[in-house]
Structure formats: C-alpha cells, structure tokens
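Undergrad: With the input below, show me the fold.
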Amino acid sequence: MKRFKRRKRGGITAEFDQGEATVLVHLAAQIIELLRDRNVASESSADPLAQFVGMNRPLFPPDDPVLSRLLPDAYRDDPANAAEFRRYTEQTLTSSKVENAQVLIARLREGGYDESGQSRGYVEVELDDEAALAWLKALTDIRLALAIRLGIETEDDMMRLERDASPEDRQGLDLYEWLGFVQETLVEAVSR
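TA: Numbers count the residues shown, from 1 in each chain. Okay, here's the model as predicted:
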C-alpha cells in the first residue's frame, strides 16, 4: 500500500495492490452482512406504523460480541432505557455503518479493484472529504470487529497476543496492525 496523501488540487489518494483491496472488500462485506442480519425487519409485527417508522427493531442487545461492540447499549446500568433507546436508534446506526462499508467497497471498485482476481495492477483510491470520513468509520468498525474476534481489549491483550499468538491469531494480528496503518495514514491525510 502507498499511504494516503492529500493532493494539492483536492482529494485524498492511496494505492493498494489487488490483494490488499481484496482483503478490504471482503472485510467490509462481512461487516455489511453481520449488520444487515441484525437489521432485518420483523415480519410478524402487529403494528404496521411501528414497522414503517422502524420502531419494531429488537429491544435486546445483540448476542454476538462483535455486534455488541458495534451496537453498544446507551445505558449500561438501565436495561429498560437501553432497550427503548435501541428501539429508536439501532436501525439508523446499522444503516449508517452499512453505508460506510459500501462506500469503502465502491471506491475500491472505482479505483480498479478486480473481483475476478485476474488483474495484477494497482487500485488507486481517490476520496473526497465525505468519502474519507466514511472510510475512517468503516475501518474503525472492521478493526473493532477483528479486535473482538482476537480478544484484544487492552494493550496487555495486544502484548500477550504478540507473544503467544497461534499461527491463525498471528495472521489476524498482522491484519489488525495493517488496518491500523491504513487508518493512520488516512487520518494524517485528512488532517492536513
């Protein structure tokens, strides 16, 4: 990857090889799938108005630890208020996260990502400020999901994992750190 840079004439660019772009597309697609599964409307809603305005969403927190991290309770010590808040906000939050991941995928495709895997060329991503923000949010969601799957909550967890990682966890940790680099270069470019 060639790090993100702000162009003098505007916009932010970076270059990925096809393999890196494939990893980003697959991770973003997994986030989309996970969130969409959670955001499915109930077909047995007795109140059509509630269904229409999105108020028939789950009142309970997700069972999946990744979803719990991506869609946290607003009131940790008050399950009733947390459920009510979730009822009114979860659909919008999940939709926003899905849209961010879709922007990430779309910009990679626009930049030359080849889903067939045949191209050996590079993918040049160009982002305006709005797309850069979507990318930052999508990368944060992907890294949070990966951190949960790897068991990373603190710096101590990172050090333990770096020291004692299985080969599979080592790959996940390397990916987590690479995503951090991608995100860091984007933050630097945005703030210039």
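
Undergrad: any idea which helix or strand comes after the helix or strand bottoming out on mean pLDDT in the chain?
TA: Lowest on mean pLDDT, DSSP states H and E among the helices and strands of the chain sits helix 48-52, with a mean of 55. Remark: after helix 48-52, the chain's next helix or strand is helix 65-70, criterion DSSP states H and E.

Undergrad: The following helix or strand past that following helix packs against which elements?
TA: Toward the C-terminal end, the helix or strand that comes next after helix 65-70 (DSSP H and E) is helix 79-110. Helices and strands touching helix 79-110, by 3 or more Cβ pairs under 8 Å, 6 or more residues apart in numbering; DSSP states H and E, are helix 18-38, strand 122-127, helix 129-150. For the C-beta atoms, the positions are set from N, CA and C on the backbone; glycine is no exception.

Undergrad: Packing partners of the last one?
TA: To tie it back to what came earlier, the one meant is helix 129-150. With contacts taken as 3+ Cβ pairs under 8 Å, 6+ apart, helix 129-150 sits against helix 18-38, helix 65-70, helix 79-110, helix 167-190.

Undergrad: can you count the residues close to the residue nearest to residue 68 when sequence neighbours are not counted?
TA: Spatial nearest neighbour of residue 68, excluding adjacent residues (Cβ to Cβ, 6 or more residues apart in numbering): residue 62 at 5.1 Å. The tally of other residues near residue 62 (other Cβ atoms under 10 Å) stands at 20.

Undergrad: show me what contacts residue 62?
TA: 38, 68, 71 (Cβ atoms under 8 Å, 6 or more residues apart in numbering).

Undergrad: Can you say which of the helices and strands packed on helix 79-110 is packed in most?
TA: strand 122-127 (a mean of 20; mean count of other Cβ atoms under 10 Å).

Undergrad: for it, packing partners?
TA: By 3+ Cβ pairs under 8 Å, 6+ apart, strand 122-127 packs against strand 12-17, helix 18-38, helix 79-110.

Undergrad: Much appreciated, bye for now.
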